[in-house]
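[1] test case, fold it:
(chains A and B)
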Amino acid sequence: MSRSNRLLRHAGSFGFAGILLVVLLVTNIIVNPARFYPAAWGTLIGLAAPLIGAAAASTPPILAGRGGLDISVGPLMGFVNAIVIKVLFLDLGVESPFVIVPVALVLGAAIGAVNGFLATVVRIQPIVATLGTYLVLTGATLTILPAPIGPAPEWLKALAGPASIVPLAAIFAFWWALRQTPFYEQLMAVGSDDRAAYTAGVPVTLVRFCSYVVAGILSGVAGLMLTALIGSADPNIGPSYTLIAIAAAALGGVSLAGGKGGLVGAAVGAVAIFLLQSVLTSFNVSTYVLQIAYGAILVGTVVLTAVQTRLTGKGS
Amino acid sequence: MRVDRSWFATTGARVAGAFLVALVLHGIGTALIPGYSAPFAVRAMLVIAALLAVASVGQTLVILLGGIDLSIPFVIGFANVVAAQLYGDGWNFWLVCLLVAVMALAIGAFNGFVSRRFDIHPLIVTLGVGMVVQGAVLLWTAGFPSGSAPQAVSSFVSIGGSVGPLPFPWLIPAVAALAVLVILVLARTPFGRRLYALGSNPTAAPLALIDPVGMWTVTFAISAFFAAVAGVLLLGFTGSAYGDVGQPYLFQTIAAVVVGGTALVGGRGGYFGTVAGALVLTEINTLLIGLGFQPSTVQAALGLVIILLVSLYGRERHVRTTI
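    This is a model prediction of the structure:
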């Protein structure tokens, strides 16, 4: 297969989100050039980062198939946000990134492990298991932090400004490293057909469990990016990312049936949604119209992606 | 499917388990909180559970089909606000109900048709459509809905209402009748059989001449219809229109269905279990609030209890037993 052909097929796997992304990017640059000058890129990426992180975090359990889904990603981001600012920074006076970052990651991994345990060992349907952790985390966050509070350490705020690319780069480096391991192939095998994978000797339960742990770690990073962006702790923002993150992943070609798609696709979907919000906001329409357009474009794009897959899928 | 599976793994056992849990919770509440079993408290719980049961009719059918409907809270809010607004503008209430029902059916039919026809996960479609519906309602009312419910609806759901000499509002017998109807339709009609067939095996069912697109369209339309009914009933319950009145029902309907023993993969379960699930959720909520917990703690505890209950009787099969 020639290089251009492969590129084309690769772009096709992001669905219409890729095309939508380009169209939106051009529109955004025309409508609001100041926001897209290279000097503003740091802030811009920082604005989009939490959604990209949330979409990336939502992806691994979906890839693992058989209804795999982690709806606790948003609340976990909010929980990490509350722990980092309220408990570590304000109560304990810890400011060092060498403490805060590991705590966020370990916290994410631990809660991811709980999700994984519930969904794969106890075998509760994933959406219900993570709904349980969703409610527990939301409740715990509100108990620790009844009202928004600030500020955040300076280095953390910089992660939403000049250094905003760092956490995102870390996420994709982590995913790239995972792709080099057998885990990735096994994850996709389990997602495509878990019974075939099981008979071929893939440790299905372990692979699914790990997908939730990965989701937890990425949620921890996303929580840090959220903290960087808002520069404070807010118990109400985290949960709102949940469904949009899953929608972003789906928009970017991650099949909710499992075994198809990847983190890059999810990120493309998230950037498309971010640019959509951005362009709609700069047209200065009411938030109600914004919401209508938002929902309509989401459904429309996913339908177009399905039609496109159907048309091109016949040949491959 | 294994032949030798024990009775505890059957849907019947899950439903019985859910009713038992509701009873146990009620027992705990009666023991710990004075007045928990007082007639007024029981009536209030029944009304709240009945409203949840109405909102969960559609979620049950859709999940049996192997789908999920996230547009329910948005349709509830839509029906709630539109009914109040139009009735406030002096429309005939039955005409308002007819209009709301037709619009809800159209929204639901669109959800089901698009999801099945283009093979898109209904999670995404119903979420997107829900956002459009909510945005449209907000745009129409400029964010400030007005109007109120007619007296008939209010007394139909009022906790203090009565059916002749009996001390509960008409809502309770109506929901009981609805439950019987839904269960009969699922068990005794071609529609019900097709629903289970398509839910348990989406590949084989079309070969038995079951039209998947048609079934999804009709079932999601029914789901939206009952969400609209719940929206109008909630208007009578709270007295005034509120666009976000449906939001708690997003996860509660799913939880009620699952606690009631219906599997999210489709084809297994039924509405009787959902009624039990609605009772369990109402009992948990009332019990925890009665014990003096903060709403945030209640939410966390609710999450724990859902996990605990489902791990007791809602477990899925290991992959090795599916081969």
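
[2] which parts of chain A are strands?
    Counting by DSSP state E, one finds no strands in chain A.

[3] let me redo that: the stretch 1-150 of chain B
    Read by DSSP state E, counting those that start in this stretch, the stretch 1-150 of chain B holds no strands at all.

[4] where does pLDDT dip in it?
    For the stretch 1-150 of chain B, the stretches with pLDDT under 70 are B:1-9.

[5] can you name the residues of it that neighbour chain A?
    B:68, B:70, B:114, B:118-121, B:123-125, B:127-136, B:138-139, B:143 (C-beta under 8 Å from any C-beta of the partner chain). Bear in mind the C-beta positions are built from the backbone N, C-alpha and C, glycine included.

[6] find the nearest non-adjacent residue to residue B:104, please.
    Closest residue to residue B:104 apart from its sequence neighbours, by C-beta to C-beta, 6 or more residues apart in numbering or on different chains: residue B:228 at 3.6 Å.

[7] the bottom helix or strand of chain A by mean pLDDT?
    Here the helix or strand of chain A ranked lowest by mean pLDDT, DSSP states H and E is helix A:3-13, holding a mean of 55.

[8] count the neighbours of the residue nearest to residue B:104 for me.
    29 (other C-beta atoms under 10 Å in any protein chain shown).

[9] so it, which state does it fall into?
    The local conformation at residue B:228, judged by DSSP: H, G, I helix; E, B strand; the rest coil, is helix.

[10] who's in contact with it?
    Going by C-beta atoms under 8 Å, 6 or more residues apart in numbering or on different chains, residue B:228 touches B:75, B:76, B:78, B:79, B:100, B:101, B:103, B:104.

[11] show me which of these are buried.
    Buried by 16 or more other C-beta atoms under 10 Å in any protein chain shown: B:75, B:76, B:78, B:79, B:100, B:101, B:103, B:104, out of the contacts of residue B:228.

[12] mind checking which of those residues are in helices?
    Residues of the buried ones among the contacts of residue B:228 located in helices (DSSP state H): B:75, B:76, B:78, B:79, B:100, B:101, B:103, B:104.

[13] state the distance from the second one to residue B:239.
    Translated: residue B:76. For residue B:76, the distance to residue B:239 (C-beta to C-beta, to the nearest Å) stands at 16 Å.

[14] for residue B:167, same thing?
    21 Å.

[15] do residue B:41 as well
    With C-beta to C-beta as the criterion, residue B:41 and residue B:239 are 20 Å apart.

[16] pick out whichever of those two has more residues nearby.
    Neighbours were counted for residue B:41 and for residue B:239 using other C-beta under 10 Å; residue B:41 has more, 17 against 14.

[17] isn't the more buried one up against residue B:26?
    No - in terms of C-beta atoms under 8 Å, residue B:41 does not count as a neighbour of residue B:26; the distance is 10.2 Å.

[18] mutual contacts of those two, please.
    By C-beta under 8 Å, 6+ apart, no residue touches both residue B:41 and residue B:26.

[19] where do the helices sit along the stretch 51-200 of chain A?
    Here the stretch 51-200 of chain A has its helices, by DSSP state H, counting those that start in this stretch, at A:73-82, A:97-116, A:126-144, A:154-158, A:165-179, A:182-192, A:194-199.

[20] need the CA coordinates for the shortest one. CSV is fine.
    Taking C-alpha atoms only, helix A:154-158 is exported to CSV below (Å, rounded to 0.1, in the frame of the first residue of the first chain):
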residue,chain,number,x,y,z
GLU,A,154,2.1,28.8,40.0
TRP,A,155,3.8,25.9,38.2
LEU,A,156,0.5,24.2,37.8
LYS,A,157,-1.2,27.3,36.3
ALA,A,158,1.7,27.4,33.8
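
[21] for the stretch 201-323 of chain B, which segments count as strands?
    Secondary structure of the stretch 201-323 of chain B (DSSP E, counting those that start in this stretch): no strands present.

[22] tell me who's in contact with residue A:274.
    Neighbouring residues of residue A:274 by C-beta under 8 Å, 6+ apart: A:47, A:48, A:51, A:52.

[23] ranking the residues you listed by neighbours, who comes first?
    residue A:52 (27 neighbours).

[24] how close does that residue get to residue B:287?
    From residue A:52 to residue B:287 the distance is 41 Å (C-beta to C-beta).

[25] repeat for residue B:63
    26 Å.

[26] one more: residue B:321?
    36 Å.

[27] from the contacts of residue A:274, pick the one nearest chain B.
    The closest of these to chain B turns out to be residue A:51 (C-beta to the nearest C-beta; 15.1 Å).

[28] contacts only, for that closest one.
    Applying C-beta under 8 Å, 6+ apart, the residues near residue A:51 are A:241, A:244, A:245, A:248, A:270, A:273, A:274.

[29] show me the residues you listed that map onto helices.
    Per DSSP H, the subset of these in helices is A:241, A:244, A:245, A:248, A:270, A:273, A:274.

[30] my guess is residue A:36 meets residue A:27, correct?
    No - counting by C-beta under 8 Å, residue A:36 stays clear of residue A:27, with 10.8 Å between them.

[31] what's the neighbour count on residue 98?
    Answering for chain A, as no chain was given. Using other C-beta under 10 Å: residue A:98 sits among 8 other residues.

[32] nope, chain B please
    11.

[33] so where's chain A uncertain?
    A:1-15, A:312-316.

[34] again, only using 50
    For chain A, the stretches flagged by pLDDT under 50 are A:1, A:314-316.

[35] report the distance from stretch A:62-78 to the chain centre.
    In terms of C-alpha atoms, centre = their mean, to the nearest Å, the centre of stretch A:62-78 is found 9 Å from the chain centre.

[36] how about the nearest residue to residue 147, chain neighbours excluded?
    I went with chain A, as the question did not name one. Nearest to residue A:147 is residue A:235, by C-beta to C-beta, 6+ apart, at 7.6 Å.

[37] hm, I was asking about chain B
    residue B:88 (2.7 Å).

[38] identify the residues contacting the one you found.
    Taking C-beta under 8 Å, 6+ apart as the test, what residue B:88 contacts is B:146, B:147, B:148.

[39] next, the second one: phi, psi?
    Looking back up the chat, that one is residue B:147. The phi/psi pair for residue B:147 (degrees, to the nearest 10) reads phi 90, psi 170.

[40] so it makes contact with residue B:87?
    Yes - with contact defined as C-beta under 8 Å, residue B:147 reaches residue B:87; the gap is 5.6 Å.

[41] and whichever strand or helix holds residue B:154, what does it pack onto?
    Element membership of residue B:154 [criterion: DSSP states H and E] is helix B:151-157. The contact analysis (3 or more C-beta pairs under 8 Å, 6 or more residues apart in numbering or on different chains; DSSP states H and E) places helix B:151-157 against helix B:171-188, helix B:212-238.

[42] buried sites along the last one?
    Residues B:212, B:215-238 are the ones in helix B:212-238 that count as buried (16+ other C-beta under 10 Å).

[43] with the first one instead?
    Using 16+ other C-beta under 10 Å as the burial criterion, the residues of helix B:171-188 that qualify are B:171, B:172, B:174, B:175, B:178, B:179, B:182, B:185, B:186.

[44] tilt between it and helix B:212-238?
    Helix B:171-188 runs at 170 degrees relative to helix B:212-238, counting by axes from the mean of the first three to the mean of the last three C-alpha atoms, to 10 degrees.

[45] residue contacts, the residue nearest to the spatial centre of chain B?
    Here the mean C-alpha position of chain B is nearest to the C-alpha of residue B:56 (C-alpha atoms, centre = their mean), at a distance of 1.1 Å. Counting by C-beta under 8 Å, 6+ apart, residue B:56 touches B:252, B:253, B:256, B:257, B:274, B:277, B:278.

[46] how many residues are close by the residue lying closest to residue B:29 once chain neighbours are set aside?
    Nearest residue to residue B:29 in three dimensions, chain neighbours excluded: residue B:36, at 4.1 Å (C-beta to C-beta, 6+ apart). Using other C-beta under 10 Å, the number of residues around residue B:36 comes to 19.

[47] nothing else from me, thank you.
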